[in-house]
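1. A structural model of the following input is requested.
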Amino acid sequence: KAQGVSVNTRFLYERCRQLGVVEQRIVYVPNGVDVARMPRVSDTMIHQLRDRLGLGDAPIIVYLGAMSTIAHGVDLLIDAFATVRHLLPQARLLMVGDGDDRVMLETHARTLGINDAIRWVGRVAPNETAVYLASAQCSVDPVHDSPGARARSPLKIVESLAQGVPVVTSDVGDRSEMLGGGSAGLLVSPGNAQALALALLRVLTEPELRARLASGARERAAAYEWRRLMHPWLSMYA
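-> Here you go, the predicted structure:
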């Protein structure tokens with residue numbers, strides 16, 4: 001019989017409790033990062049990346065993760081970016097990652113006439129993700145409200161916080177808690193491409209808001225450092 005059950009979201013904690021697991025045996029440990037081991041991103045690295053991708057001084061949104069319309073709602077992001085591009089033509093979207101739906105998403109972007117403003121980067125090494133995040137004004141976690149979305153603790157959000165990059169996502173599962181209720185990013189209605197677009201535009205075009213959210217992101221990142229999260233893990237073996 002297991003001494004403890006670890007879960008990384010409040011949703012899974014509640015499901016375990018409903019299934020009869022004694023609460024004292026359930027340990028909540030969200031996804032985290034080891035800030036001390038994260039690569040240091042210099043201005044030179046950012047300029048080199050922007051030059052390589054032909055981005056110049058464009059305002060950038062970055063998505064980091066699987067290209068999946070079911071698990072991650074990336075089609076929602078493509079629709080939202082069409083509105084962003086219409087209202088802010090110089091905006092660019094970095095799509096970092098790969099997946100079964102990438103070809104379909106690229107086709108959809110071409111149909112909307114926005115593919116020239118998207119950089120489909122593909123998979124990158126884990127130690128390279130930091131520079132993509134640091135090069136952007138904000139990151140995005142598009143999401144529909146579903147049990148699967150509520151059960152996830154998005155690592156992309158934690159990594160973005162660690163780089164001081166504001167996150168735009170929806171109030172699904174633990175995302176509001178991860179963003180400090182909105183101190184480290186903007187929360188919009190799930191599954192709403194228009195609301196997602198307007199929030200992204202706010203971060204891109206309002207420097208004071210962006211600076212405040214960036215500061216909040218750095219503060220929230222402290223709660224997700226592994227040196228802090230290891231203590232709940234160790235409690236299962238005490």
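2. those strands in this structure, which residues are they?
-> For the chain, the strands defined by DSSP state E cover 5-7, 26-28, 60-64, 92-96, 118-122, 138-140, 167-170, 185-188.
3. Could you dump those into JSON lines with mean neighbour count and distance to Ser215 added?
-> Quick note: C-beta positions are derived from backbone N, CA and C, even for glycine. Output for the strands of the chain, formatted as JSON lines (neighbours: other Cβ atoms under 10 Å; distance: least, Cβ to Cβ, whole Å):
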{"stretch": "strand 5-7", "mean neighbour count": "18", "distance to Ser215": "30"}
{"stretch": "strand 26-28", "mean neighbour count": "17", "distance to Ser215": "27"}
{"stretch": "strand 60-64", "mean neighbour count": "24", "distance to Ser215": "19"}
{"stretch": "strand 92-96", "mean neighbour count": "23", "distance to Ser215": "23"}
{"stretch": "strand 118-122", "mean neighbour count": "17", "distance to Ser215": "27"}
{"stretch": "strand 138-140", "mean neighbour count": "28", "distance to Ser215": "14"}
{"stretch": "strand 167-170", "mean neighbour count": "27", "distance to Ser215": "14"}
{"stretch": "strand 185-188", "mean neighbour count": "22", "distance to Ser215": "12"}
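4. Wait, Val74 touches Val143, no?
-> No - in this structure, Val74 is not within contact of Val143 by Cβ atoms under 8 Å, at 10.0 Å.
5. Could you tell me how many residues sit around Gln163?
-> 24 (other Cβ atoms under 10 Å).
6. oh, I was asking about Ala184
-> Residues near Ala184, counting by other Cβ under 10 Å, number 25.
7. can you give me the helices for the chain?
-> For the chain, the helices defined by DSSP state H occupy 10-18, 43-52, 74-87, 102-112, 129-134, 147-150, 155-162, 175-178, 193-205, 207-221, 226-235.
8. okay if I get those as TSV plus mean pLDDT?
-> Shown next, in TSV, are the helices of the chain (pLDDT from 0 to 100):
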stretch	mean pLDDT
helix 10-18	94
helix 43-52	96
helix 74-87	97
helix 102-112	97
helix 129-134	96
helix 147-150	94
helix 155-162	95
helix 175-178	96
helix 193-205	98
helix 207-221	97
helix 226-235	82
